[in-house]
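Chemist: sequence unknown, structure follows:
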Ligand SMILES: N=c1c2ncn([C@@H]3O[C@H](COP(=O)(O)OP(=O)(O)OP(=O)(O)O)[C@@H](O)[C@H]3O)c2ncn1[C@@H]1O[C@H](COP(=O)(O)O)[C@@H](O)[C@H]1O
């Protein structure tokens with residue numbers, strides 16, 4: 001599964017050298033971080049709306065599609081900041097043996 005993210009990360013790196021008229025990713029980099037963040041926010045809202053609809057209809061097609069858009073634009077954001085998908089995968093892997101409840105509790109300790 002993470003092979004796809006790794007491959008996409010490599011494509012995103014390559015697109016930093018592409019021209020905006022030939023590449024959507026390059027066009028986002030050219031427009032800058034604020035535009036990329038706008039897209040991340042927009043896609044997050046679309047994913048939320050799709051999830052609400054999926055709950056009503058029982059059809060998850062749109063929520064999968066919109067989540068892919070959200071993940072994609074989040075990866076463009078990371079790439080713009082010089083970070084790779086691997087950094088996020090590493091962070092998720094680090095959390096494997098840590099219960100979310102235990103971690104949250106540890107945050108409240110001095
Ligand atoms: N995974 C994706 C991917 N997911 C979504 N999108 C694009 O993200 C855009 C977001 O959808 P919207 O409906 O918000 O688009 P929009 O209304 O035109 O956007 P705005 O004009 O409002 O900014 C669409 O143009 C989608 O095609 C993607 N574009 C590219 N990729 C990957 O990135 C690679 C490089 O793409 P290019 O840079 O275009 O070569 C591709 O080979 C793919 O692997």
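Modeler: Structure's in. What do you need? Quick caveat, the model's predicted, so the values are computed rather than measured.

Chemist: Look up how far residue 12 lies from residue 82.
Modeler: Look at residue 82 and residue 12: by CB to CB, to the nearest Å, they are 11 Å apart. Where you see a C-beta, it was placed from the backbone N, CA and C, and this is true even at glycine.

Chemist: of the two, who's got more company?
Modeler: Set residue 82 next to residue 12 and count neighbours by other CB atoms under 10 Å: residue 12 wins out with 21 against 9.

Chemist: wait, the more buried one sits on residue 76?
Modeler: Yes: the pair residue 12 and residue 76 qualifies as a contact (CB atoms under 8 Å) at a distance of 6.3 Å.

Chemist: any common contacting residues for those two?
Modeler: Counting by CB atoms under 8 Å, 6 or more residues apart in numbering, the residues touching both residue 12 and residue 76 are residue 25.

Chemist: what does the helix or strand that residue 8 is a member of contact?
Modeler: With elements taken from DSSP states H and E, the one containing residue 8 is helix 2-15. With contact meaning CB under 8 Å, 6+ apart, helix 2-15 is reached by 23, 25-26, 29, 72, 75-76, 79, 84-86, 89.

Chemist: could you dump those to JSON lines with distance to the ligand?
Modeler: What follows is these, written out as JSON lines (distance: CB to the nearest ligand atom, whole Å):
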{"residue": "23", "distance to the ligand": "3"}
{"residue": "25", "distance to the ligand": "3"}
{"residue": "26", "distance to the ligand": "6"}
{"residue": "29", "distance to the ligand": "9"}
{"residue": "72", "distance to the ligand": "4"}
{"residue": "75", "distance to the ligand": "8"}
{"residue": "76", "distance to the ligand": "8"}
{"residue": "79", "distance to the ligand": "10"}
{"residue": "84", "distance to the ligand": "15"}
{"residue": "85", "distance to the ligand": "12"}
{"residue": "86", "distance to the ligand": "17"}
{"residue": "89", "distance to the ligand": "17"}
